[in-house]
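>>> Could you work out the structure for the sequence below:
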Amino acid sequence: MKIKLLLLVVTGMIALNVNAQSNPKNPIVTGIKGGLNLTNLSADKNTQEMKPSFHIGGLVELPLSYYKKFALQVEVQYSNQGYKGKETEIRDETTGKVIGKNKLDNVSLHYLNVPIMIKYYFKDNFAIEVGPQIGFLMGANGAYDLYKFYESRPYFMNYQSEVDRELDANGYVSSDYKKYYDKVDYGISAGLSYNFENGIFISGRYYLGLKDVYKADNEYSKILIPEGASEFAINEINKLNSELEFKQAKNTVIQISVGYRF
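Numbers count the residues shown, from 1 in each chain. Have a look, this model is predicted:
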């Protein structure tokens, strides 16, 4: 069955190639592209700030009709994603007065993405594009702590140092991205593109991740109460242990690209 399916795909690709070569006005096109990313991780009400970054890659566009109406565009691109950490006020437990600020670390997630876009040219050089995308995580930078997307995240800003130490000891802050993030991401992309006569093109696209970027087996471990902890620390740790809950976070990306079609 797999061999038959493979033969069918290969036969279809050959047919597309013959069709493209027999119609010089609508050939197979290759190109390069790059540009601006505006990225974030959506996670209920704990979404962080959008992070500006970039993407770069190559593409192949295959015609799906004799007349230039439908095409299949396959891309391979490096995409720097992630989020910019929010700045949160720290308030005195008794008076409620702001006594400082705490900023979450910025996090960069490095993906090799493969968008597969169906394009419809509603005008000669103007196309709507939509399709699935799969991404493979190649690395990350930042401090990775699951509680960044926990509903009671603001509570952590007011903790005494002894509680912070216990959070760190129980693995809630780590420099190893492999401990938290899944290797594979997938979702849907949609956008618009315009081709100039000189080969340059511009495009805008929005990607919505459908998969939690955190590993499915990530769970909160109970935070142990350290020996000699204060009454405040004991109460706060017990409160956390009763409320800790894993929250999903999904990639969102706005891309603005400039490229060249050969």
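
>>> The closest residue to Phe122 other than its chain neighbours: which element?
Nearest residue to Phe122, sequence neighbours excluded (CB to CB, 6 or more residues apart in numbering): Ile128, at 6.4 Å. Where you see a C-beta, it was placed from the backbone N, CA and C, and this is true even at glycine. Following DSSP states H and E, one finds Ile128 within strand 126-141.

>>> Next, the buried residues of that strand.
Ala127, Glu129, Gly131, Gln133, Gly135, Leu137, Ala140 (16 or more other CB atoms under 10 Å).

>>> could these go into a markdown table alongside pLDDT and distance to Met50?
Compiled in a markdown table, the buried residues of strand 126-141 are given as follows (pLDDT from 0 to 100; distance: CB to CB, whole Å):
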| residue | pLDDT | distance to Met50 |
| --- | --- | --- |
| Ala127 | 97 | 26 |
| Glu129 | 98 | 22 |
| Gly131 | 97 | 23 |
| Gln133 | 98 | 19 |
| Gly135 | 97 | 18 |
| Leu137 | 97 | 20 |
| Ala140 | 91 | 18 |
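
>>> Beta-bridge partners for the residue nearest to Phe122, please?
On the basis of DSSP bridges, Ile128 is bridged to Tyr120, Leu192.

>>> next one: Ile32
Beta-bridge partners, per DSSP bridges, of Ile32: Gly58, Tyr260.

>>> Show the end-to-end separation of stretch 226-235, please.
12 Å (CA to CA, to the nearest Å).

>>> With stretch 240-251 instead?
Taking CA to CA, stretch 240-251 runs 27 Å from one end to the other.

>>> So which elements touch the strand holding Ile128?
Applying 3 or more CB pairs under 8 Å, 6 or more residues apart in numbering; DSSP states H and E, one finds that strand 126-141 contacts strand 70-83, strand 107-121, strand 184-195, strand 200-209.

>>> Which strand or helix spans the nearest residue to Val98 once chain neighbours are set aside?
Closest residue in space to Val98, ignoring its immediate chain neighbours: Glu89 at 4.9 Å, by CB to CB, 6+ apart. Applying DSSP H and E as the criterion places Glu89 in strand 87-91.
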